[in-house]
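[1] pasting the sequence and the predicted model now:
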Amino acid sequence: MSQTLHARLGGIHAATIVPMKPDFTIDEAALVAHLIWITNTPGIKGVLINGHAGENYVLSRDEKRRVVELTRQSVPTECLICCGINNESSLEAAKEAADAQAAGADALLIFPPNSFALAQDPRCARLHQDHIRDACSLPLLVYGAALSAGAMSYRSETLQQLTDDDRVVGIKDGSWEVAAYEANWRLFEKQRDTFAVLGSGDEHLLTTYVIGTHGSQVSLAALAPALIVALYEAAQAEDWETARRLHDQVYPLARAIYREAPSGRATARIKGALHRLGHLASNAVRPPQPDLNEHEHLIIEEALQAAGLLT
């Protein structure tokens with residue numbers, strides 16, 4: 001019997017990166033290898049492609065569609081493919097949504113346009129979502145942005161307006177603040193039985209698992225999939241001793257990638273870590289992101305060692 005979409009959204013979903021060659025073109029062979037390695041890890045239930053970790057804000061429309069096509073060709077049939085939609089224009093976002101469906105995506109994650117960080121009206125958010133909704137028939141998830149992202153982080157009233165549609169099946173909560181996460185968890189637990197709240201703050205996964213979560217879409221699972229799966233499964237089993245031990249392994253890795261200043265370097269650091277582990281031939285990220293500096297290489301080396309990934 002096939003699983004319901006709600007069941008398939010459970011568990012760990014890796015927010016994947018897009019490997020690039022030194023000339024900043026997509027390395028398709030490396031992308032396929034990245035996807036196969038992750039999705040063949042026991043316990044990985046799906047992938048989030050064309051998300052922030054996948055540099056969706058610097059990919060062209062054709063490149064985004066190609067990422068979906070390669071993912072559909074590479075991952076197991078039962079692997080859920082959620083495709084991020086991130087565009088400043090609602091009209092272009094709608095085209096990308098139709099592209100993603102045609103290329104084989106199972107669901108879409110709607111990112112708020114980056115311009116919303118300066119100011120946005122709840123009507124803007126709903127209008128943007130409606131354009132995407134009307135361009136396809138796929139189930140939708142809302143992205144709850146970090147509180148530090150200004151007006152891009154929706155207030156609870158706006159979130160309720162965005163999720164009062166049965167096509168919206170969940171929220172990726174990236175509020176990056178535990179109290180805000182718990183408030184959203186409690187709000188949406190009452191929404192409907194089939195609504196999924198995905199605790200997706202890589203820095204505090206254990207805390208969200210203690211509070212409650214349906215699953216996670218996280219980029220740490222694109223770097224250390226087995227470790228993140230083990231943490232989630234220990235928490236689900238309420239084996240808190242094991243979960244705490246695994247959290248102690250994850251913590252230095254999460255801190256080095258996400259907490260270390262300057263912010264916004266997570267994708268570059270994940271690529272650097274994958275390169276160090278031998279999973280990528282090149283750790284190139286598209287400009288304006290620069291290469292890793294000496295300090296970033298050092299903290300990543302120390303974090304990988306602390307997480308037991310260099311053994």
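    Now that the structure is in, tell me what you want to look at.

[2] quick one: what helix or strand has Lys172 in it?
    strand 168-173 (DSSP states H and E).

[3] where does the helix or strand following that strand sit relative to the chain's centre, distance-wise?
    Sequence order places helix 178-189 as the next helix or strand after strand 168-173, per DSSP H and E. Averaging C-alpha positions (Cα atoms, centre = their mean, to the nearest Å) puts helix 178-189 18 Å from its chain's average.

[4] ditto for stretch 13-31
    The chain centroid and the centroid of stretch 13-31 are separated by 15 Å, computed with Cα atoms, centre = their mean.

[5] which parts of that stretch are buried?
    13-20, 26-27, 30-31 (16 or more other Cβ atoms under 10 Å). Just so you know, the C-beta spots here come from the backbone N, C-alpha and C atoms, and that holds for glycine as well.

[6] hang on, isn't Thr208 packed against Leu198?
    No. Using Cβ atoms under 8 Å, Thr208 is not in contact with Leu198; the gap is 9.1 Å.

[7] now do the shared contacts for these two.
    Here Thr208 and Leu198 share the contacting residues 173, 216, scored by Cβ atoms under 8 Å, 6 or more residues apart in numbering.

[8] have a look at those two and say which one is more surrounded.
    Neighbours of Thr208 and Leu198, each counted by other Cβ atoms under 10 Å, are more numerous for Leu198; the result is 27 against 21.

[9] what comes into contact with the helix or strand where that one lies?
    Secondary structure here is read from DSSP H and E; on that basis Leu198 sits in strand 196-199. The list of residues contacting strand 196-199 from outside it, by Cβ under 8 Å, 6+ apart, reads 6, 9-10, 13, 141, 169-173, 181, 184-185, 188-189, 205, 208-209, 211-217.

[10] narrow these to those that are buried.
    Of all the contacts of strand 196-199 considered here, the ones buried according to neighbour count by 16+ other Cβ under 10 Å are 6, 9-10, 13, 141, 169-173, 181, 184-185, 188, 205, 208-209, 213-217.

[11] tell me which element Ile81 falls in.
    Secondary structure assigned from DSSP H and E places Ile81 in strand 80-85.

[12] that strand: how far from the chain's middle?
    Between the mean C-alpha location of strand 80-85 and the chain-wide mean there is a distance of 9 Å, by Cα atoms, centre = their mean.

[13] next, the buried residues of the helix or strand just after it.
    Per DSSP H and E, strand 80-85 leads on to helix 90-103 as the next helix or strand towards the C-terminus. When burial is assessed from 16+ other Cβ under 10 Å, helix 90-103 yields the following buried residues: 90, 93-101, 103.

[14] same thing with stretch 38-55?
    Neighbour-count burial for stretch 38-55, counted by 16+ other Cβ under 10 Å, picks out 38-39, 41, 44-55.

[15] among those, which ones are in strands?
    If you go by DSSP state E, these have 44-49 in strands.

[16] closest one of the residues you listed to Thr311?
    Ranking these by separation from Thr311, with Cβ to Cβ as the measure, puts Ile44 on top at 21.1 Å.

[17] now the closest one, which residues is it bridged with?
    Per DSSP bridges, the residues bridged to Ile44 are Ile12.

[18] quick one: it and His13 touch, right?
    Yes. Using Cβ under 8 Å, Ile44 is in contact with His13, at 7.4 Å.

[19] ok, the closest residue to Thr41 other than its chain neighbours - contacts?
    Computed as Cβ to Cβ, 6 or more residues apart in numbering, the closest residue to Thr41 that is not its neighbour in sequence is Pro225, at 4.0 Å. Contacts for Pro225 were tallied using Cβ under 8 Å, 6+ apart; they are 12, 14, 37-38, 41, 43-44.

[20] ok, now with 10 Å
    12, 14, 37-44, 218 (Cβ atoms under 10 Å, 6 or more residues apart in numbering).

[21] kindly report the same for Thr207.
    Taking Cβ under 10 Å, 6+ apart as the definition of contact, the neighbours of Thr207 are 178, 181-182, 199, 201, 247.

[22] which one of those residues sits closest to Ser137?
    Distances from those to Ser137 were compared by Cβ to Cβ; the smallest belongs to Gly199, at 27.6 Å.

[23] mind checking the SS state of Val229?
    Each residue gets one of three states, and Val229 gets helix by DSSP: H, G, I helix; E, B strand; the rest coil.

[24] that one touches Thr39, doesn't it?
    No. Val229 sits out of contact with Thr39 when judged by Cβ atoms under 10 Å, with a separation of 11.7 Å.

[25] hey, what's in contact with both of those two?
    Residues within reach of Val229 and of Thr39 at once, by Cβ under 10 Å, 6+ apart, are 14, 45.

[26] for Gly308, which non-adjacent residue is spatially closest?
    Computed as Cβ to Cβ, 6+ apart, the closest residue to Gly308 that is not its neighbour in sequence is Gln249, at 5.9 Å.

[27] before I go, just wanted to say thanks for your time.
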